[in-house]
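Student: the sequence isn't on hand, but the structure is:
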(Lines give C-alpha, C1' and ligand atoms only; values in the text may rest on other atoms or scores of the structure.)
Protein backbone atom coordinates (compact mmCIF):
# COMPACT_ATOMS: atom_id res chain seq x y z
CA UNK A 1 0.00 0.00 0.00
CA UNK A 2 2.75 2.47 0.97
CA UNK A 3 4.87 1.57 -2.08
CA UNK A 4 1.84 2.07 -4.37
CA UNK A 5 1.19 5.53 -2.87
CA UNK A 6 4.84 6.51 -3.30
CA UNK A 7 4.75 5.46 -6.97
CA UNK A 8 1.53 7.43 -7.55
CA UNK A 9 2.98 10.57 -5.92
CA UNK A 10 6.18 10.34 -7.98
CA UNK A 11 4.15 9.97 -11.20
CA UNK A 12 1.99 13.01 -10.41
CA UNK A 13 5.11 15.04 -9.62
CA UNK A 14 6.71 14.16 -12.97
CA UNK A 15 3.46 15.04 -14.76
CA UNK A 16 3.41 18.45 -13.05
CA UNK A 17 7.03 19.08 -13.98
CA UNK A 18 6.42 18.04 -17.60
CA UNK A 19 3.38 20.37 -17.77
CA UNK A 20 5.46 23.26 -16.36
CA UNK A 21 8.16 22.68 -18.97
CA UNK A 22 5.49 22.42 -21.67
CA UNK A 23 3.97 25.74 -20.66
CA UNK A 24 7.36 27.43 -20.83
CA UNK A 25 8.03 25.89 -24.25
CA UNK A 26 4.71 27.08 -25.70
CA UNK A 27 5.07 30.63 -24.38
CA UNK A 28 8.70 31.03 -25.49
CA UNK A 29 8.09 29.40 -28.90
CA UNK A 30 5.04 31.55 -29.64
CA UNK A 31 6.96 34.68 -28.59
CA UNK A 32 9.84 33.65 -30.87
CA UNK A 33 7.50 33.27 -33.85
CA UNK A 34 5.77 36.55 -33.19
CA UNK A 35 9.07 38.37 -32.79
CA UNK A 36 10.45 36.87 -36.00
CA UNK A 37 7.40 37.95 -38.02
CA UNK A 38 7.49 41.39 -36.50
CA UNK A 39 11.12 42.11 -37.32
CA UNK A 40 13.13 39.48 -39.19
CA UNK A 41 16.40 41.37 -38.60
CA UNK A 42 16.19 41.20 -34.78
CA UNK A 43 18.15 38.65 -32.72
CA UNK A 44 15.36 38.43 -30.15
CA UNK A 45 13.48 35.80 -32.13
CA UNK A 46 16.49 33.52 -32.07
CA UNK A 47 17.04 34.21 -28.37
CA UNK A 48 13.45 33.30 -27.59
CA UNK A 49 13.74 30.12 -29.69
CA UNK A 50 16.88 29.10 -27.78
CA UNK A 51 15.14 29.80 -24.46
CA UNK A 52 12.32 27.42 -25.42
CA UNK A 53 14.67 24.44 -25.79
CA UNK A 54 14.80 23.36 -22.07
CA UNK A 55 10.98 23.42 -22.05
CA UNK A 56 10.86 20.99 -24.97
CA UNK A 57 13.53 18.79 -23.38
CA UNK A 58 11.68 18.77 -20.05
CA UNK A 59 8.49 17.52 -21.72
CA UNK A 60 10.33 14.44 -22.94
CA UNK A 61 12.92 13.80 -20.25
CA UNK A 62 10.83 14.26 -17.08
CA UNK A 63 9.12 10.95 -17.76
CA UNK A 64 12.42 9.38 -16.81
CA UNK A 65 13.44 9.74 -13.17
CA UNK A 66 16.98 9.98 -11.89
CA UNK A 67 19.59 12.48 -10.73
CA UNK A 68 21.51 12.39 -14.05
CA UNK A 69 18.52 13.55 -16.10
CA UNK A 70 17.71 16.19 -13.47
CA UNK A 71 21.27 17.54 -13.55
CA UNK A 72 21.27 17.54 -17.36
CA UNK A 73 18.09 19.58 -17.52
CA UNK A 74 19.44 22.13 -15.03
CA UNK A 75 22.59 22.47 -17.08
CA UNK A 76 20.50 23.00 -20.24
CA UNK A 77 18.49 25.72 -18.46
CA UNK A 78 21.70 27.54 -17.54
CA UNK A 79 23.24 27.31 -21.04
CA UNK A 80 20.10 28.43 -22.85
CA UNK A 81 19.60 31.31 -20.39
CA UNK A 82 23.12 32.55 -21.09
CA UNK A 83 22.62 32.20 -24.86
CA UNK A 84 19.25 33.98 -24.84
CA UNK A 85 20.54 36.90 -22.77
CA UNK A 86 23.69 37.27 -24.87
CA UNK A 87 21.71 37.19 -28.18
CA UNK A 88 19.24 39.78 -26.87
CA UNK A 89 21.80 42.38 -25.85
CA UNK A 90 23.50 41.06 -22.71
CA UNK A 91 22.98 42.30 -19.18
CA UNK A 92 21.24 45.44 -20.49
CA UNK A 93 18.97 43.49 -22.83
CA UNK A 94 15.26 42.71 -22.29
CA UNK A 95 15.77 39.00 -21.43
CA UNK A 96 18.22 39.54 -18.56
CA UNK A 97 15.54 38.49 -16.06
CA UNK A 98 15.70 34.98 -17.55
CA UNK A 99 19.08 34.47 -15.85
CA UNK A 100 16.98 33.48 -12.82
CA UNK A 101 15.37 30.58 -14.73
CA UNK A 102 17.99 27.97 -13.58
CA UNK A 103 17.03 28.81 -9.98
CA UNK A 104 13.32 28.49 -10.78
CA UNK A 105 13.83 25.23 -12.69
CA UNK A 106 15.87 23.79 -9.81
CA UNK A 107 13.00 24.42 -7.39
CA UNK A 108 10.60 22.68 -9.80
CA UNK A 109 12.84 19.66 -10.48
CA UNK A 110 13.66 19.13 -6.78
CA UNK A 111 16.42 16.78 -5.64
CA UNK A 112 19.08 17.40 -3.02
CA UNK A 113 19.43 21.11 -2.04
CA UNK A 114 17.61 22.39 -5.17
CA UNK A 115 17.64 26.09 -4.27
CA UNK A 116 21.35 26.11 -3.52
CA UNK A 117 22.18 24.38 -6.81
CA UNK A 118 19.83 26.69 -8.72
CA UNK A 119 21.36 29.81 -7.14
CA UNK A 120 24.85 28.64 -8.05
CA UNK A 121 23.79 28.01 -11.66
CA UNK A 122 22.09 31.43 -11.87
CA UNK A 123 25.22 33.14 -10.55
CA UNK A 124 27.40 31.22 -12.99
CA UNK A 125 25.06 32.17 -15.84
CA UNK A 126 25.21 35.86 -14.93
CA UNK A 127 28.99 35.68 -14.70
CA UNK A 128 29.18 33.99 -18.08
CA UNK A 129 27.12 36.76 -19.67
CA UNK A 130 29.34 39.36 -18.03
CA UNK A 131 32.46 37.71 -19.42
CA UNK A 132 30.96 37.64 -22.91
CA UNK A 133 30.16 41.35 -22.72
CA UNK A 134 33.58 42.14 -21.34
CA UNK A 135 35.11 40.37 -24.30
CA UNK A 136 32.98 42.35 -26.72
CA UNK A 137 31.29 39.20 -28.01
CA UNK A 138 27.69 40.21 -27.23
CA UNK A 139 25.98 41.38 -30.48
CA UNK A 140 24.11 44.68 -30.29
CA UNK A 141 20.47 44.63 -31.34
CA UNK A 142 18.85 47.94 -32.28
CA UNK A 143 15.54 46.36 -33.31
CA UNK A 144 14.35 45.39 -29.88
CA UNK A 145 10.77 46.33 -29.21
CA UNK A 146 9.69 47.55 -25.74
CA UNK A 147 7.15 44.75 -25.35
CA UNK A 148 9.97 42.20 -25.22
CA UNK A 149 11.16 43.45 -21.82
CA UNK A 150 7.63 43.39 -20.47
CA UNK A 151 7.13 39.90 -21.88
CA UNK A 152 10.39 38.63 -20.33
CA UNK A 153 9.49 39.92 -16.89
CA UNK A 154 5.92 38.64 -17.10
CA UNK A 155 6.93 35.19 -18.33
CA UNK A 156 9.63 34.86 -15.67
CA UNK A 157 7.15 35.95 -13.00
CA UNK A 158 4.56 33.47 -14.22
CA UNK A 159 7.17 30.71 -14.20
CA UNK A 160 8.15 31.61 -10.64
CA UNK A 161 4.52 31.65 -9.49
CA UNK A 162 3.84 28.31 -11.14
CA UNK A 163 7.01 26.89 -9.59
CA UNK A 164 5.97 28.02 -6.13
CA UNK A 165 2.55 26.47 -6.67
CA UNK A 166 4.14 23.18 -7.72
CA UNK A 167 6.43 23.18 -4.68
CA UNK A 168 3.51 23.84 -2.34
CA UNK A 169 1.44 21.15 -4.05
CA UNK A 170 4.29 18.68 -3.76
CA UNK A 171 4.75 19.49 -0.08
CA UNK A 172 1.03 19.10 0.53
CA UNK A 173 1.04 15.73 -1.18
CA UNK A 174 4.04 14.67 0.85
CA UNK A 175 2.34 15.69 4.09
CA UNK A 176 -0.82 13.87 3.07
CA UNK A 177 1.18 10.76 2.22
CA UNK A 178 3.00 10.86 5.54
CA UNK A 179 -0.32 11.34 7.36
CA UNK A 180 -1.81 8.33 5.56
CA UNK A 181 1.22 6.22 6.35
CA UNK A 182 1.07 7.32 9.99
CA UNK A 183 -2.60 6.36 10.23
CA UNK A 184 -1.89 2.97 8.65
CA UNK A 185 1.02 2.40 11.04
CA UNK A 186 -1.07 3.42 14.05
CA UNK A 187 -3.93 1.11 13.01
CA UNK A 188 -1.44 -1.71 12.52
CA UNK A 189 0.16 -1.14 15.92
CA UNK A 190 -3.21 -0.87 17.61
CA UNK A 191 -4.29 -4.22 16.13
CA UNK A 192 -1.26 -6.21 17.30
CA UNK A 193 -1.04 -7.54 20.88
CA UNK A 194 2.14 -5.71 21.90
CA UNK A 195 2.56 -2.24 23.34
CA UNK A 196 5.30 -0.39 21.43
CA UNK A 197 7.22 2.41 23.13
CA UNK A 198 9.60 4.88 21.54
CA UNK A 199 12.34 5.73 24.06
CA UNK A 200 15.03 8.37 24.10
CA UNK A 201 18.62 7.44 24.90
CA UNK A 202 18.08 8.42 28.56
CA UNK A 203 14.97 6.21 28.88
CA UNK A 204 12.20 8.80 28.54
CA UNK A 205 9.00 7.53 26.89
CA UNK A 206 8.49 9.70 23.79
CA UNK A 207 5.55 7.92 22.17
CA UNK A 208 3.43 4.81 22.68
CA UNK A 209 1.26 2.77 20.32
CA UNK A 210 -0.79 -0.36 20.77
CA UNK A 211 -2.94 -1.72 23.59
CA UNK A 212 -2.16 -0.90 27.22
CA UNK A 213 -2.83 -4.26 28.92
CA UNK A 214 -4.22 -4.62 32.41
CA UNK A 215 -1.10 -5.30 34.54
CA UNK A 216 0.42 -2.05 33.22
CA UNK A 217 -1.56 1.08 34.20
CA UNK A 218 -1.89 3.71 31.47
CA UNK A 219 -0.63 6.52 33.72
CA UNK A 220 2.70 4.68 34.02
CA UNK A 221 3.47 5.65 30.40
CA UNK A 222 3.73 9.30 31.46
CA UNK A 223 6.99 8.61 33.30
CA UNK A 224 10.37 7.14 32.31
CA UNK A 225 10.83 3.56 31.12
CA UNK A 226 12.51 2.44 34.36
CA UNK A 227 9.46 3.67 36.28
CA UNK A 228 7.31 0.87 34.87
CA UNK A 229 8.60 -1.51 37.55
CA UNK A 230 9.94 -1.51 41.08
CA UNK A 231 13.05 -3.22 39.64
CA UNK A 232 14.22 -0.07 37.86
CA UNK A 233 17.84 -1.25 37.79
CA UNK A 234 16.91 -4.22 35.56
CA UNK A 235 15.16 -1.91 33.08
CA UNK A 236 18.14 0.46 33.08
CA UNK A 237 20.51 -2.43 32.33
CA UNK A 238 18.29 -3.59 29.46
CA UNK A 239 18.22 -0.06 28.01
CA UNK A 240 22.03 0.23 28.18
CA UNK A 241 22.43 -3.20 26.61
CA UNK A 242 20.11 -2.28 23.74
CA UNK A 243 22.04 0.95 23.10
CA UNK A 244 25.40 -0.82 23.13
CA UNK A 245 24.57 -4.19 21.56
CA UNK A 246 21.50 -3.37 19.47
CA UNK A 247 19.05 -5.67 21.28
CA UNK A 248 18.03 -6.64 24.81
CA UNK A 249 15.24 -8.53 26.52
CA UNK A 250 13.98 -8.16 30.08
CA UNK A 251 11.06 -9.46 32.14
CA UNK A 252 9.61 -7.47 35.03
CA UNK A 253 6.62 -7.18 37.35
CA UNK A 254 4.69 -3.93 36.71
CA UNK A 255 4.75 -1.30 39.43
CA UNK A 256 1.73 -1.76 41.65
CA UNK A 257 0.90 -5.19 40.16
CA UNK A 258 3.45 -7.70 41.53
CA UNK A 259 1.33 -10.62 40.32
CA UNK A 260 1.69 -9.56 36.69
CA UNK A 261 4.63 -10.17 34.41
CA UNK A 262 5.68 -8.25 31.29
CA UNK A 263 8.39 -9.17 28.81
CA UNK A 264 10.03 -6.28 26.94
CA UNK A 265 12.24 -6.63 23.85
CA UNK A 266 14.33 -3.52 23.11
CA UNK A 267 15.88 -2.58 19.73
CA UNK A 268 18.29 0.26 19.07
CA UNK A 269 17.22 2.91 16.55
CA UNK A 270 18.72 6.21 15.42
CA UNK A 271 19.08 8.26 18.58
CA UNK A 272 16.95 6.03 20.79
CA UNK A 273 15.31 2.67 21.43
CA UNK A 274 12.08 0.94 20.41
CA UNK A 275 10.61 -1.32 23.14
CA UNK A 276 7.98 -3.99 22.40
CA UNK A 277 6.07 -5.04 25.55
CA UNK A 278 3.81 -8.08 25.83
CA UNK A 279 1.76 -9.41 28.73
CA UNK A 280 3.25 -12.73 29.90
CA UNK A 281 1.26 -12.99 33.12
CA UNK A 282 -0.68 -16.07 31.97
CA UNK A 283 2.49 -17.85 30.90
CA UNK A 284 4.20 -17.06 34.17
CA UNK A 285 1.17 -18.32 36.09
CA UNK A 286 1.26 -21.56 34.07
CA UNK A 287 4.98 -21.91 34.78
CA UNK A 288 4.35 -21.41 38.48
CA UNK A 289 1.54 -24.00 38.38
CA UNK A 290 3.75 -26.50 36.53
CA UNK A 291 6.60 -25.88 38.96
CA UNK A 292 4.26 -26.42 41.90
CA UNK A 293 2.92 -29.61 40.30
CA UNK A 294 6.45 -30.85 39.77
CA UNK A 295 7.32 -30.10 43.39
CA UNK A 296 4.16 -31.88 44.56
CA UNK A 297 4.97 -34.91 42.41
CA UNK A 298 8.54 -34.96 43.70
CA UNK A 299 7.31 -34.70 47.29
CA UNK A 300 4.81 -37.49 46.66
CA UNK A 301 7.49 -39.71 45.15
CA UNK A 302 9.84 -38.96 48.03
CA UNK A 303 7.06 -39.80 50.48
CA UNK A 304 6.49 -43.10 48.71
CA UNK A 305 10.18 -43.90 48.86
CA UNK A 306 10.36 -43.00 52.54
CA UNK A 307 7.32 -45.16 53.27
CA UNK A 308 8.80 -48.20 51.55
CA UNK A 309 12.16 -47.64 53.19
CA UNK A 310 10.53 -47.44 56.63
CA UNK A 311 8.52 -50.60 55.94
CA UNK A 312 11.63 -52.72 55.26
CA UNK A 313 11.54 -54.49 58.64
CA UNK A 314 7.76 -55.02 58.59
CA UNK A 315 7.90 -56.56 55.11
CA UNK A 316 11.04 -58.64 55.45
CA UNK A 317 10.41 -60.18 58.87
CA UNK A 318 7.22 -62.14 58.07
CA UNK A 319 8.55 -63.11 54.63
CA UNK A 320 11.77 -64.47 56.17
CA UNK A 321 9.60 -66.53 58.51
CA UNK A 322 7.63 -67.93 55.55
CA UNK A 323 10.84 -68.83 53.71
CA UNK A 324 12.44 -70.33 56.84
CA UNK A 325 9.50 -72.48 57.94
CA UNK A 326 8.82 -73.66 54.39
CA UNK A 327 12.46 -74.69 54.14
CA UNK A 328 12.09 -76.74 57.38
CA UNK A 329 8.97 -78.40 55.98
CA UNK A 330 10.65 -79.05 52.64
CA UNK A 331 13.62 -80.71 54.31
CA UNK A 332 11.19 -82.71 56.57
CA UNK A 333 13.31 -81.86 59.59
CA UNK A 334 10.61 -82.87 62.13
CA UNK A 335 9.21 -85.87 60.37
CA UNK A 336 8.09 -87.07 56.97
CA UNK A 337 5.38 -85.34 54.94
CA UNK A 338 3.16 -86.74 52.31
CA UNK A 339 4.35 -86.28 48.75
CA UNK A 340 1.75 -83.58 48.06
CA UNK A 341 2.60 -81.56 51.19
CA UNK A 342 6.32 -81.80 50.38
CA UNK A 343 5.61 -80.46 46.91
CA UNK A 344 3.57 -77.58 48.35
CA UNK A 345 6.33 -76.77 50.86
CA UNK A 346 8.89 -76.62 48.01
CA UNK A 347 6.63 -74.28 46.01
CA UNK A 348 6.09 -72.04 49.06
CA UNK A 349 9.86 -71.88 49.66
CA UNK A 350 10.61 -71.09 46.01
CA UNK A 351 7.89 -68.44 45.71
CA UNK A 352 8.82 -66.88 49.05
CA UNK A 353 12.48 -66.68 48.04
CA UNK A 354 11.56 -65.04 44.71
CA UNK A 355 9.25 -62.60 46.46
CA UNK A 356 11.93 -61.77 49.03
CA UNK A 357 14.41 -60.97 46.25
CA UNK A 358 11.94 -58.66 44.57
CA UNK A 359 11.08 -56.91 47.85
CA UNK A 360 14.76 -56.48 48.65
CA UNK A 361 15.28 -54.79 45.26
CA UNK A 362 12.29 -52.49 45.76
CA UNK A 363 13.37 -51.55 49.28
CA UNK A 364 16.97 -50.96 48.29
CA UNK A 365 15.88 -48.66 45.43
CA UNK A 366 13.44 -46.87 47.72
CA UNK A 367 16.21 -46.21 50.22
CA UNK A 368 18.40 -44.83 47.44
CA UNK A 369 15.61 -42.56 46.14
CA UNK A 370 14.84 -41.41 49.70
CA UNK A 371 18.56 -40.72 50.20
CA UNK A 372 18.57 -43.05 53.18
CA UNK A 373 20.81 -45.75 51.78
CA UNK A 374 24.16 -45.59 53.55
CA UNK A 375 27.14 -47.44 52.17
CA UNK A 376 28.95 -49.69 54.58
CA UNK A 377 32.43 -49.25 53.16
CA UNK A 378 35.30 -51.48 54.16
CA UNK A 379 38.56 -52.72 52.62
CA UNK A 380 38.23 -56.16 51.01
CA UNK A 381 39.26 -58.23 48.01
CA UNK A 382 36.96 -57.47 45.11
CA UNK A 383 37.40 -61.01 43.78
CA UNK A 384 35.47 -62.37 46.78
CA UNK A 385 32.25 -60.51 45.90
CA UNK A 386 32.49 -61.45 42.21
CA UNK A 387 33.19 -65.12 43.03
CA UNK A 388 30.23 -65.21 45.46
CA UNK A 389 27.92 -63.86 42.74
CA UNK A 390 29.26 -66.42 40.25
CA UNK A 391 28.53 -69.25 42.67
CA UNK A 392 24.93 -68.05 43.14
CA UNK A 393 24.12 -68.10 39.41
CA UNK A 394 26.24 -71.14 38.47
CA UNK A 395 23.34 -73.57 38.82
CA UNK A 396 21.04 -71.28 36.82
CA UNK A 397 23.61 -71.12 34.01
CA UNK A 398 24.12 -74.90 33.97
CA UNK A 399 20.39 -75.58 33.85
CA UNK A 400 19.98 -73.09 30.96
CA UNK A 401 22.95 -74.56 29.06
CA UNK A 402 24.89 -71.29 29.09
CA UNK A 403 28.68 -71.16 29.47
CA UNK A 404 29.56 -68.91 32.43
CA UNK A 405 33.11 -67.62 32.87
CA UNK A 406 34.78 -65.28 35.31
CA UNK A 407 37.95 -63.43 34.30
CA UNK A 408 39.61 -62.41 37.59
CA UNK A 409 43.13 -61.19 38.44
CA UNK A 410 45.40 -63.82 40.08
CA UNK A 411 46.41 -61.48 42.94
CA UNK A 412 44.23 -59.80 45.53
CA UNK A 413 42.45 -56.68 44.28
CA UNK A 414 41.97 -54.51 47.36
CA UNK A 415 39.19 -51.96 47.25
CA UNK A 416 37.32 -49.71 49.67
CA UNK A 417 33.60 -50.23 48.94
CA UNK A 418 30.33 -51.66 50.21
CA UNK A 419 30.76 -55.45 49.98
CA UNK A 420 27.05 -56.19 49.72
CA UNK A 421 26.48 -53.47 47.09
CA UNK A 422 29.35 -54.75 44.93
CA UNK A 423 28.03 -58.30 45.13
CA UNK A 424 24.56 -57.03 44.23
CA UNK A 425 25.97 -55.17 41.21
CA UNK A 426 27.60 -58.30 39.82
CA UNK A 427 24.65 -60.55 40.70
CA UNK A 428 22.13 -58.25 38.99
CA UNK A 429 24.26 -57.97 35.85
CA UNK A 430 24.78 -61.74 35.65
CA UNK A 431 21.08 -62.46 36.25
CA UNK A 432 20.09 -60.06 33.46
CA UNK A 433 22.67 -61.55 31.09
CA UNK A 434 21.51 -65.12 31.77
CA UNK A 435 17.87 -64.11 31.33
CA UNK A 436 18.48 -62.73 27.84
CA UNK A 437 21.01 -65.32 26.60
CA UNK A 438 19.64 -68.44 24.84
CA UNK A 439 20.93 -71.97 25.45
CA UNK A 440 24.37 -72.53 23.97
CA UNK A 441 25.46 -68.92 24.50
CA UNK A 442 27.99 -67.53 26.92
CA UNK A 443 28.18 -64.95 29.71
CA UNK A 444 31.56 -63.58 30.81
CA UNK A 445 32.36 -61.33 33.74
CA UNK A 446 35.73 -59.55 33.91
CA UNK A 447 37.30 -57.73 36.84
CA UNK A 448 40.39 -55.56 36.81
CA UNK A 449 41.90 -52.32 38.10
CA UNK A 450 42.63 -49.31 35.89
CA UNK A 451 44.40 -46.74 38.03
CA UNK A 452 41.97 -45.75 40.78
CA UNK A 453 39.04 -47.39 39.00
CA UNK A 454 37.65 -50.85 39.53
CA UNK A 455 36.24 -52.04 36.21
CA UNK A 456 33.53 -54.70 36.11
CA UNK A 457 32.40 -55.84 32.67
CA UNK A 458 29.67 -58.38 31.93
CA UNK A 459 29.47 -59.54 28.31
CA UNK A 460 26.82 -61.88 26.91
CA UNK A 461 26.02 -63.33 23.51
CA UNK A 462 22.28 -62.95 24.01
CA UNK A 463 19.51 -61.38 22.00
CA UNK A 464 20.76 -57.82 22.52
CA UNK A 465 18.74 -54.70 23.24
CA UNK A 466 16.92 -52.54 20.71
CA UNK A 467 17.87 -48.82 20.58
CA UNK A 468 14.41 -47.88 21.92
CA UNK A 469 14.74 -50.16 24.96
CA UNK A 470 18.36 -49.10 25.47
CA UNK A 471 17.30 -45.48 26.02
CA UNK A 472 14.93 -46.55 28.83
CA UNK A 473 17.03 -49.17 30.58
CA UNK A 474 18.54 -48.03 33.85
CA UNK A 475 15.39 -46.14 34.84
CA UNK A 476 13.35 -47.72 37.66
CA UNK A 477 10.76 -50.32 36.56
CA UNK A 478 11.77 -50.10 32.91
CA UNK A 479 12.25 -53.44 31.14
CA UNK A 480 13.26 -54.60 27.67
CA UNK A 481 12.73 -57.72 25.64
CA UNK A 482 9.63 -59.80 24.97
CA UNK A 483 6.65 -60.18 27.30
CA UNK A 484 7.84 -63.49 28.76
CA UNK A 485 11.22 -61.94 29.57
CA UNK A 486 9.62 -58.91 31.21
CA UNK A 487 7.54 -61.21 33.38
CA UNK A 488 10.73 -62.61 34.92
CA UNK A 489 11.61 -59.44 36.87
CA UNK A 490 10.62 -55.98 38.05
CA UNK A 491 12.93 -53.84 35.95
CA UNK A 492 14.97 -52.81 38.99
CA UNK A 493 18.19 -54.72 38.31
CA UNK A 494 19.98 -52.14 36.17
CA UNK A 495 18.45 -49.29 38.19
CA UNK A 496 20.08 -50.67 41.33
CA UNK A 497 23.38 -51.23 39.51
CA UNK A 498 23.40 -47.61 38.37
CA UNK A 499 22.33 -46.35 41.81
CA UNK A 500 25.01 -48.36 43.64
CA UNK A 501 27.63 -47.23 41.13
CA UNK A 502 26.72 -43.57 41.57
CA UNK A 503 26.71 -43.90 45.36
CA UNK A 504 30.34 -45.01 45.03
CA UNK A 505 31.08 -42.06 42.74
CA UNK A 506 31.17 -44.26 39.65
CA UNK A 507 29.05 -44.84 36.57
CA UNK A 508 27.48 -47.56 34.43
CA UNK A 509 27.46 -47.77 30.63
CA UNK A 510 25.63 -50.18 28.32
CA UNK A 511 26.51 -51.07 24.73
CA UNK A 512 24.28 -53.45 22.82
CA UNK A 513 23.40 -54.49 19.28
CA UNK A 514 20.11 -56.25 18.68
CA UNK A 515 20.86 -59.91 17.94
CA UNK A 516 24.56 -59.54 18.81
CA UNK A 517 24.71 -59.46 22.62
CA UNK A 518 25.21 -56.82 25.29
CA UNK A 519 28.16 -55.39 27.22
CA UNK A 520 27.65 -53.61 30.55
CA UNK A 521 30.65 -51.85 32.12
CA UNK A 522 30.69 -50.47 35.67
CA UNK A 523 33.57 -48.22 36.79
CA UNK A 524 34.03 -47.47 40.49
CA UNK A 525 36.83 -45.23 41.86
CA UNK A 526 37.43 -47.53 44.86
CA UNK A 527 40.83 -49.21 44.27
CA UNK A 528 43.15 -48.81 47.23
CA UNK A 529 46.58 -47.21 46.62
CA UNK A 530 48.48 -50.49 46.86
CA UNK A 531 46.91 -51.55 43.55
CA UNK A 532 47.35 -48.34 41.59
CA UNK A 533 49.21 -48.64 38.31
CA UNK A 534 49.37 -52.44 38.38
CA UNK A 535 48.43 -54.40 35.27
CA UNK A 536 48.30 -58.00 36.42
CA UNK A 537 47.29 -60.75 33.94
CA UNK A 538 43.67 -61.84 34.02
CA UNK A 539 42.54 -65.30 35.03
CA UNK A 540 39.49 -67.31 34.07
CA UNK A 541 37.54 -68.85 36.92
CA UNK A 542 35.48 -71.51 35.22
CA UNK A 543 34.46 -75.11 35.47
CA UNK A 544 37.47 -76.28 33.44
CA UNK A 545 40.09 -74.79 35.77
CA UNK A 546 42.06 -71.52 35.84
CA UNK A 547 43.64 -70.31 32.60
CA UNK A 548 45.24 -66.93 31.93
CA UNK A 549 43.60 -65.39 28.86
CA UNK A 550 43.30 -62.01 27.14
CA UNK A 551 39.90 -60.40 27.59
CA UNK A 552 38.59 -57.03 26.42
CA UNK A 553 35.85 -55.69 28.72
CA UNK A 554 35.06 -52.82 26.31
CA UNK A 555 33.85 -54.90 23.38
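Tutor: Thanks, I have it. Source: prediction; values computed, not measured.

Student: secondary structure class for residue 405?
Tutor: Residue 405 falls in the strand class when you classify it by DSSP: H, G, I helix; E, B strand; the rest coil.

Student: that one contacts residue 441, doesn't it?
Tutor: No: the pair residue 405 and residue 441 does not pass the contact test of Cβ atoms under 8 Å, sitting 11.7 Å apart. Just so you know, the C-beta spots here come from the backbone N, C-alpha and C atoms, and that holds for glycine as well.

Student: phi, psi of residue 446?
Tutor: Note on residue 446: backbone dihedrals following degrees, to the nearest 10 are phi -120, psi 140.

Student: ditto for residue 271
Tutor: Main-chain torsions, residue 271, degrees, to the nearest 10: phi 80, psi 10.

Student: so what's it up against?
Tutor: Counting by Cβ atoms under 8 Å, 6 or more residues apart in numbering, residue 271 makes contact with 200, 201.

Student: one more: residue 264?
Tutor: By Cβ under 8 Å, 6+ apart, the residues touching residue 264 are 235, 238, 249, 250, 251, 252, 275, 276, 277.

Student: which of the residues you listed are buried?
Tutor: Among those, those scoring as buried are 235, 238, 250, 252, 275, 276, 277 (criterion: 16 or more other Cβ atoms under 10 Å).

Student: which ones among those residues map onto helices?
Tutor: Secondary structure from DSSP state H places 235, 238 of the buried ones among the contacts of residue 264 in helices.

Student: filter the buried ones among the contacts of residue 264 down to the ones in strands?
Tutor: Counted as lying in strands by DSSP state E, out of the buried ones among the contacts of residue 264, are 250, 252, 275, 276, 277.

Student: what's the separation between the closest residue in space to the second one that isn't next to it in sequence and residue 24?
Tutor: Take residue 252 and drop its neighbours on the chain: the residue closest to it by Cβ to Cβ, 6 or more residues apart in numbering is residue 229, 4.0 Å away. With the distance defined as Cβ to Cβ, to the nearest Å, residue 229 ends up 64 Å from residue 24.

Student: these two touch, right, residue 155 and residue 25?
Tutor: No: between residue 155 and residue 25 there is no contact under Cβ under 8 Å: 11.6 Å.

Student: before we move on, back to that, just give the number of residues close to the residue nearest to residue 252.
Tutor: 24 (other Cβ atoms under 10 Å).

Student: any idea which of the buried ones among the contacts of residue 264 is closest to residue 434?
Tutor: residue 250 (59.6 Å; Cβ to Cβ).

Student: for the residue nearest to the closest one when sequence neighbours are not counted, give me its contacts.
Tutor: Sequence neighbours aside, residue 238 is the residue nearest to residue 250 in space, at 3.8 Å (criterion: Cβ to Cβ, 6+ apart). Residues in contact with residue 238, defined by Cβ under 8 Å, 6+ apart, are 248, 249, 250, 264, 266.

Student: what about residue 238, distance to residue 263?
Tutor: 11 Å.

Student: ok, residue 199 next?
Tutor: As judged by Cβ to Cβ, residue 199 and residue 263 stand 16 Å apart.

Student: ok, back up a step: dump the buried ones among the contacts of residue 264 to a markdown table, plus distance to residue 118 and pLDDT.
Tutor: Listed next are the buried ones among the contacts of residue 264 as a markdown table, based on distance: Cβ to Cβ, whole Å; pLDDT from 0 to 100:
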| residue | distance to residue 118 | pLDDT |
| --- | --- | --- |
| 235 | 51 | 90 |
| 238 | 49 | 91 |
| 250 | 52 | 89 |
| 252 | 55 | 86 |
| 275 | 44 | 90 |
| 276 | 45 | 88 |
| 277 | 48 | 87 |
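
Student: can you report phi and psi for the residue nearest to residue 252?
Tutor: Backbone torsions for residue 229, taken as degrees, to the nearest 10, come to phi -140, psi 160.

Student: so it sits against residue 250, correct?
Tutor: No: using Cβ under 8 Å, residue 229 makes no contact with residue 250, being 9.0 Å away.

Student: what sits in contact with each of these two?
Tutor: Jointly contacting residue 229 and residue 250 under the rule Cβ under 8 Å, 6+ apart are residue 235.

Student: okay, how far is it across stretch 264-273, tip to tip?
Tutor: Terminal residues of stretch 264-273 lie 12 Å apart, using Cα to Cα, to the nearest Å.

Student: so for it, what's the average pLDDT?
Tutor: Stretch 264-273 comes out with an average pLDDT of 88.

Student: got it, and stretch 451-462?
Tutor: Stretch 451-462 comes out with an average pLDDT of 93.

Student: check stretch 204-218 too.
Tutor: In this model, stretch 204-218 has an average pLDDT of 76.

Student: centroid residue for the chain?
Tutor: residue 249 (13.1 Å; Cα atoms, centre = their mean).

Student: hang on, isn't that one packed against residue 265?
Tutor: Yes: using Cβ under 8 Å, residue 249 makes contact with residue 265 at a distance of 5.0 Å.

Student: quick revisit: and the residue nearest to the centre of the chain, what pLDDT?
Tutor: As predicted, residue 249 sits at a pLDDT of 90.
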